[in-house]
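[1] test case, fold it:
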Amino acid sequence: MKLGLMVLFSYLMGGIPFGLLVSYVLTGEDPRKVGSGNIGATNVSRAAGKKAGVITLILDALKGFLPVLLTYHLFPQNPLAIALVGLAALCGHCFSPYLKLKGGKGVATGAGVFLGISPGALLMALVVFVFMLKWKGYVSLSSLTAAWCMPFFILILKGSPVLSLSAAVMAALITLRHKANIERLMAGEEPTFGKERKAQ
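    Sure, this is the predicted structure:
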């Protein structure tokens, strides 16, 4: 019962559309009507400026991190509870109950979840992200590569097949939410990081 309530709380918290709220509060702009139409930090930056994007990034990460941190205290030594709560937060962000099950792509919230599960694994994934960004120049490709490295990093550092499997499910969900980016990558139409910044 307590775990079920925690999972529900995590889903509802994960579903809070901070990008939309921050953009409205700071500029009155709706990020869903700008650029990609996404409510994540990158598109919020396009709609409402860099400051709004940074705030959104932090808040989206926190709504993944805090439920996982709380679960560690409520259910110590219970990787299944942590995995379920982390997945719930990410699902809430990607399929927000406040936006008719629409939402963001999950990178920032997923990073928050992974930070709660294993800061060391997240740091290793960040190194992968930076390497890929410098090598290929695509934020989307770098994010996806880092996400798919997480299951292996978590297994190495935490030694938990359950947490590793949950990380793989989260990577798959993040990949699903990047469908349009993947199609543009395959077509050679995805903008590189430098071009994205100029477009903003």
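
[2] so, low pLDDT: which residues of this protein?
    Within the chain, the stretches with pLDDT under 70 are 194-200.

[3] what are the ranges of the helices in it?
    Assigned by DSSP state H, the helices in the chain fall at 2-14, 18-27, 41-48, 50-74, 79-94, 107-117, 119-136, 139-158, 161-177, 179-187, 193-199.

[4] pretty sure residue 95 contacts residue 103?
    Yes: contact criterion C-beta atoms under 8 Å: residue 95 and residue 103 qualify, at 5.6 Å. No exception for glycine: its C-beta is placed from N, CA and C like everyone else's.

[5] that older thread, let me know which of the helices of the chain is tucked in deepest.
    Greatest average neighbour count among the helices of the chain goes to helix 107-117 (a mean of 27), per mean count of other C-beta atoms under 10 Å.

[6] just the angle for that one relative to helix 41-48, thanks.
    140 degrees (axes from the mean of the first three to the mean of the last three C-alpha atoms, to 10 degrees).

[7] any chance you could list what contacts helix 107-117?
    Applying C-beta atoms under 8 Å, 6 or more residues apart in numbering, the external contacts of helix 107-117 come out as 14, 40-41, 56-57, 60-69, 72, 82, 86, 89-90, 93, 121-122, 125, 143, 147, 150, 154, 158, 163, 167, 170, 174.

[8] for residue 62, give me its contacts.
    Residues near residue 62 by C-beta under 8 Å, 6+ apart: residue 112.

[9] tell me which of the helices of the chain lies nearest to residue 33.
    The closest of the helices of the chain to residue 33 is helix 41-48. By C-beta to C-beta, the value is 7.7 Å.

[10] contacts made by that closest one with the rest, please.
    Identification of contacts with helix 41-48 by C-beta under 8 Å, 6+ apart yields 19, 22-23, 26-27, 29-31, 33-37, 52-54, 56-57, 60, 108, 139, 196, 199-200.
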